[in-house]
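[1] please find the sequence and the predicted model below.
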Amino acid sequence: MEENWFGELLEQMRQTQEEIKRGGGLKRIEKEHKKGKMTARERIKFLIDGESEFFEIGLWAAHDMYRDEGGCPAAGVVAGTGKVCGKTCMIVANDATVKAGAWFPMTAKKNLRAQEIAIENHLPIIYLVDSAGVYLPMQDQIFPDKEHFGRIFRNNAVISAKGIPQIAAIMGSCVAGGAYLPIMSDEALIVDGTGSVFLAGSYLVKAAIGEKVDNETLGGATTHTEISGVTDYKMKDDSECLLTIRDIIDKMGPYKRAGFNRAEPVAPEITPDEMLAGFPADRTKPYDMMNTILSIADKSSFTEFKKGYGQTLITGYARIDGWSVGIVANQRKIVKSKNGEMQIGGVIYSDSADKATRFILNCNQKKIPLIFLQDVTGFMIGKRSEHGGIIKDGAKMVNAVANSTVPKITIIVGNSYGAGNYAMCGKAYDPRFIYAWPTAQIAVMGGTQAAKVLTQIQVSAMEKKGKELSNEEKAAILEKIKTRYDEQTDVRYAAARLWVDEIIHPASTRARISESLECADHNPDIPDFRNGVIQV
């Protein structure tokens with residue numbers, strides 16, 4: 001292990017995270033303060049219980065995207081779960097320091113993900129609205145499609161029909177289609193002097209129908225609380241508005257819960273630092289995933305399922321912060337199979353897939369949430385594996401993951417390649433939450449292998465056209481392709497596109513899983529498990 005390699009990686013990411021959290025920068029923050037407004041992050045900090053933690057999602061959303069537009073830190077919106085008067089809520093706050101809170105394509109995707117989490121876990125949603133509306137230069141990428149801007153208002157209606165409370169505070173601009181979000185919520189508050197809501201602002205009204213009117217008269221707090229009746233509460237400032245939200249949440253009645261098994265928490269057997277001491281900087285090197293499990297599970301709580309069979313996957317029951325869970329983890333050390341052959345760590349073999357399928361069925365039978373710890377390079381290939389039915393066994397595992405009805409939480413520890421990503425509950429398989437360590441890499445295959453394949457294809461195509469390439473030219477092509485591929489497999493690239501909910505420090509894995517299970521416990525509706533047709 002290279003000394004301090006992980007600390008250097010974490011420090012680099014920490015510095016970038018701090019930059020992202022500054023949103024549009026200090027000058028824009030000062031500008032908001034001069035208007036008497038808090039920033040999005042200040043509002044959230046004021047809103048949640050003082051002793052509680054805000055579990056942010058999508059901090060890296062849109063990172064290094066929209067360069068031609070000047071960037072869009074955190075996609076211009078802050079989202080995550082936090083306790084408000086003891087109740088776990090999803091909080092979504094527009095960041096007015098970033099392009100006046102305008103909606104970019106990734107802003108919509110992040111809002112939709114927040115709503116999806118709220119729906120799946122039956123969490124009340126608090127919207128802190130402060131947005132100039134759709135970013136018009138990119139309207140074709142955000143307006144008309146199924147997963148675009150309008151889907152958010154559709155979700156408002158669906159969430160309401162499911163009996164999930166929605167509270168919206170208009171704390172700044174709320175324009176055009178965006179005006180529907182707070183008004184389709186259960187209750188709407190508006191801050192006097194800074195909050196405004198209308199379908200068209202004064203300039204557009206003048207241009208469209210020739211009417212002269214200022215924005216405050218058109219859609220300010222007095223208009224909508226005393227004339228139109230569009231909003232329910234007129235607030236003098238941000239502080240009063242946020243305190244009133246707390247008061248509303250505090251008076252909510254009780255809701256049914258899933259009732260997942262939880263005992264008194266016990267500290268893990270080893271610390272994250274001890275676990276990381278054996279974690280290799282080289283992602284191709286083996287290590288024992290059991291140490292990762294022991295760093296997050298309550299001490300002496302892990303009961304391994306089929307320990308001697310299918311050893312490139314670890315399956316077993318445990319408690320994490322007291323919660324009863326089933327763990328499916330890729331074993332990265334080289335192991336010996338039942339016939340005495342050595343098996344490559346991180347690869348899923350037929351016996352491993354068979355074991356995991358059975359374990360997933362058991363957890364669904366017993367209503368035990370599933371935790372997937374991913375460090376997988378894919379399913380085993382080659383003649384022996386194909387003749388042994390690896391596709392069939394892999395399909396059984398994928399089928400079980402796809403149809404599993406208990407909450408699934410995925411942590412991408414390292415590699416997440418190809419169909420291994422799918423079988424280990426990647427984003428496409430509806431995990432309630434999906435997190436990644438800074439060491440995660442997500443791609444259809446490893447960078448070196450992919451670069452070699454793509455280089456062979458490109459070189460072959462050029463040679464067919466009669467162009468002879470030197471070894472130096474071939475090496476240059478390989479390096480160019482590998483550089484691009486490595487950039488796309490980097491965890492920051494994945495997080496920017498919301499393939500994962502957040503990049504987390506390994507030491508916070510246990511807390512994140514516990515919070516995710518706390519959220520999942522709010523939804524009492526767990527459908528009966530029914531597996532699809534599988535080949536046996």
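    Structure's in. What do you need?

[2] could you pull out the helices for the stretch 101-250 of the chain?
    105-121, 150-161, 180-183, 202-209, 215-219, 221-222, 238-250 (DSSP state H, counting those that start in this stretch).

[3] of these, which is nearest residue 429?
    helix 105-121 (13.0 Å; C-beta to C-beta). C-beta coordinates here come from the backbone N, C-alpha and C atoms, glycine included.

[4] packing partners for that closest one?
    Helix 105-121 sits against strand 55-57, strand 77-84, strand 87-94, strand 125-131, helix 150-161, helix 509-520, with contacts defined as 3 or more C-beta pairs under 8 Å, 6 or more residues apart in numbering; DSSP states H and E.

[5] of the ones you listed, which stretch is the most buried?
    strand 125-131 (a mean of 27; mean count of other C-beta atoms under 10 Å).

[6] direction included, what does it pair against?
    Counting by DSSP bridges, the strands paired with strand 125-131 are strand 87-94 (parallel), strand 166-175 (parallel).

[7] now do the contacts for residue 368.
    Taking C-beta atoms under 8 Å, 6 or more residues apart in numbering, we find residue 368 in contact with 260-261, 317, 324-326, 362, 406.

[8] one more time with 7 Å
    By C-beta atoms under 7 Å, 6 or more residues apart in numbering, residue 368 lies in contact with 324-326, 406.

[9] try residue 196
    Shown in contact with residue 196 (C-beta under 7 Å, 6+ apart): 173-174, 215-216, 219-220.

[10] also residue 48?
    Contacts for residue 48 were tallied using C-beta under 7 Å, 6+ apart; they are 54, 82-84.

[11] now, which of those sits nearest residue 101?
    Using C-beta to C-beta, residue 54 comes nearest to residue 101 of the contacts of residue 48, at 19.1 Å.

[12] for residue 51, see how far away the nearest residue to that closest one once chain neighbours are set aside is.
    Spatial nearest neighbour of residue 54, excluding adjacent residues (C-beta to C-beta, 6 or more residues apart in numbering): residue 82 at 4.4 Å. According to C-beta to C-beta, to the nearest Å, residue 82 and residue 51 sit 11 Å apart.

[13] quick one: average confidence on stretch 404-420?
    Throughout stretch 404-420, pLDDT has a mean value of 96.

[14] so the spatially most distant residue from the centre of the chain, which of the three states?
    Going by C-alpha atoms, centre = their mean, the residue of the chain most distant from its centre is residue 466, 48.0 Å out. Recorded secondary structure, residue 466: coil (DSSP: H, G, I helix; E, B strand; the rest coil).

[15] which residues are in contact with it?
    Per C-beta under 7 Å, 6+ apart, neighbours of residue 466: none.

[16] how close does it get to residue 382?
    36 Å.

[17] now residue 482
    24 Å.

[18] again, but for residue 22
    Residue 22 is 51 Å from residue 382, by C-beta to C-beta.

[19] so where's the protein uncertain?
    Residue ranges of the chain with pLDDT under 70: 1-3, 338, 535-536.

[20] contacts for stretch 279-294?
    The contact list for stretch 279-294 (C-beta under 7 Å, 6+ apart) reads 1-2, 5, 268-270, 275, 278, 302, 314, 327, 329-334, 345, 373, 375, 413-415, 439, 441.

[21] of those, buried ones?
    Using 16 or more other C-beta atoms under 10 Å as the burial test, the contacts of stretch 279-294 include 268-270, 275, 302, 314, 327, 329-333, 345, 373, 375, 413-415, 439, 441 as buried.
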